[in-house]
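[1] Okay, sequence plus prediction incoming.
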Amino acid sequence: MSGTVASSSSALQAHGLRASLGGTPVLHGIDLAFAPGCWTSVVGPNGAGKSTLLRALAGLLPHDGQVHLHGRLLAQWSARERARGLAWLAQGGASDGAADDLSSLDVVMLGRLPHQRWLAPASARDHAAVEAAMRRTQCWDWRARPLGQLSGGERQRVLLARALAVQAPVLLMDEPLANLDPPHQADCLASARELAAAGHTVVSVLHELHAALCAERVVVMVAGRVLHHGASGDAATHRALEAVFDHRVRVHAVDGQWVALPA
Ligand SMILES: Nc1ncnc2c1ncn2[C@@H]1O[C@H](COP(=O)(O)OP(=O)(O)OP(=O)(O)O)[C@@H](O)[C@H]1O
């Protein structure tokens, strides 16, 4: 296989992905493939390179090596095509320049920009996608409130709705549960599961290991490398998780779910 041809069965694929921050190498040659209809969580200790990996996969960071989206090099996609094909939720409620005085509805509508023609008004389909996403994350009731006046968790729900409103085949989320209360964490995990069941590719960085183990597959990172990529139910995945956290956690099955408890 040529170096620039990716597997057509992968929605998103990295080959020899390397990236540096401030001149310091952070990703040291990552090979990963994410299939359609699969939700994958990325876990690892602080500083392992999880956010950097997601930003590189989203095309938001200069990198060496290759990233393919649906078999085509990411660099060959126009910005607009890429924004339709790949939705992104940044870490920590960052709104990527969306002004805090925009209404929540207008912030979520930004997710529809890649679908709209230049200066054309939002279509009925755009409005429907925005309303569905805001109802999904339960922020429709405060759609008129400015983003800057929301609490951390409320803000996160608006930004999650913006990512969902894109309706992209690939959704990358960096710590989507940050600031969410337990019911809304459960809703967010259910959304990831439902999107994957509908054929989307979902990749989420998650610190909460019980949440990460709800995904179908788990990427375990340490020091800018992938230590393991496997099914969330596999013993090898559990051993890798325990190893990167210095065996201070142990994965157990509790009531049919995987949980990581202090060792
Ligand atoms: N601007 C920068 N210059 C140099 N190094 C940086 C810069 N930004 C981040 N780093 C380093 O890059 C490494 C990877 O950071 P990254 O944010 O990807 O880790 P992470 O796994 O997402 O961590 P966390 O779990 O704490 O969010 C860390 O060691 C971090 O200190």
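    Nice, thanks for sending it over.
[2] CA atoms only: put stretch 202-209 into PDB for me.
    Output of stretch 202-209 as PDB, limited to C-alpha atoms (Å, rounded to 0.1, in the frame of the first residue of the first chain):
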ATOM      1  CA  VAL A 202     -16.900   9.400  17.900                       C
ATOM      2  CA  VAL A 203     -13.600   9.900  19.600                       C
ATOM      3  CA  SER A 204     -13.600  11.400  23.100                       C
ATOM      4  CA  VAL A 205     -10.800  12.200  25.600                       C
ATOM      5  CA  LEU A 206     -12.200  11.200  29.000                       C
ATOM      6  CA  HIS A 207     -10.600  11.300  32.400                       C
ATOM      7  CA  GLU A 208     -13.400   9.500  34.200                       C
ATOM      8  CA  LEU A 209     -12.400   5.900  33.600                       C
END
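[3] What are the buried residues along that stretch?
    By 16 or more other Cβ atoms under 10 Å, the buried positions in stretch 202-209 come out as Val202, Val203, Ser204, Val205, Leu206, Glu208, Leu209. Backbone N, C-alpha and C define where each C-beta goes, glycine included.
[4] got it, and stretch 118-134?
    Buried residues in stretch 118-134, counted by 16+ other Cβ under 10 Å: Asp126, Ala129, Val130, Glu131, Ala133, Met134.
[5] Return the distance of stretch 201-221 from the chain's centre.
    How far stretch 201-221 lies from its chain's middle: 10 Å, per Cα atoms, centre = their mean, to the nearest Å.
[6] just the helices in this protein please.
    Along the chain, the stretches classed as helices by DSSP state H are 50-57, 79-85, 104-109, 124-136, 152-165, 182-197, 209-212, 235-244.
[7] which helices and strands does the first one pack with?
    For helix 50-57, the packing partners by 3 or more Cβ pairs under 8 Å, 6 or more residues apart in numbering; DSSP states H and E come out as strand 12-21, strand 24-34, strand 39-43, strand 170-174, strand 201-205.
[8] ditto for the second one
    Of the remaining helices and strands, none touches helix 79-85 by 3+ Cβ pairs under 8 Å, 6+ apart.
[9] Any buried residues in it, and which?
    Under 16+ other Cβ under 10 Å, the buried positions of helix 79-85 are Arg82, Ala83, Arg84, Gly85.
[10] ok, of the residues you listed, which one's closest to the ligand?
    Arg82 (20.9 Å; Cβ to the nearest ligand atom).
[11] quick one: contacts for the closest one?
    Residues counted as contacts of Arg82 (Cβ atoms under 8 Å, 6 or more residues apart in numbering) are Gly59, Leu69, Leu74.
[12] Distance check, the second one against Ala87.
    What it means is Leu69. In this view, Leu69 and Ala87 are 12 Å apart by Cβ to Cβ, to the nearest Å.
[13] Are there residues contacting both of these two? Which ones?
    Common neighbours of Leu69 and Ala87, using Cβ under 8 Å, 6+ apart, are Val170.
[14] residues in the chain within reach of the ligand, list them.
    Contact residues, the chain versus the ligand (Cβ under 6 Å from any ligand atom): Leu21, Gly22, Thr24, Val26, Gly44, Asn46, Gly47, Ala48, Gly49, Lys50, Ser51, Thr52.
[15] Identify the farthest-apart pair in the buried residues of stretch 118-134.
    The most widely separated members of the buried residues of stretch 118-134 are Asp126 and Met134, with 12.5 Å between them, by Cβ to Cβ.
[16] Now render the buried residues of stretch 202-209 as JSON lines, adding pLDDT and distance to Asp174.
    Shown next, in JSON lines, are the buried residues of stretch 202-209 (pLDDT from 0 to 100; distance: Cβ to Cβ, whole Å):
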{"residue": "Val202", "pLDDT": "98", "distance to Asp174": "12"}
{"residue": "Val203", "pLDDT": "98", "distance to Asp174": "9"}
{"residue": "Ser204", "pLDDT": "98", "distance to Asp174": "8"}
{"residue": "Val205", "pLDDT": "97", "distance to Asp174": "5"}
{"residue": "Leu206", "pLDDT": "96", "distance to Asp174": "9"}
{"residue": "Glu208", "pLDDT": "93", "distance to Asp174": "14"}
{"residue": "Leu209", "pLDDT": "94", "distance to Asp174": "16"}
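[17] Out of those, which is nearest to the ligand?
    Nearest member of those to the ligand, counting by Cβ to the nearest ligand atom, is Val205, at 6.3 Å.
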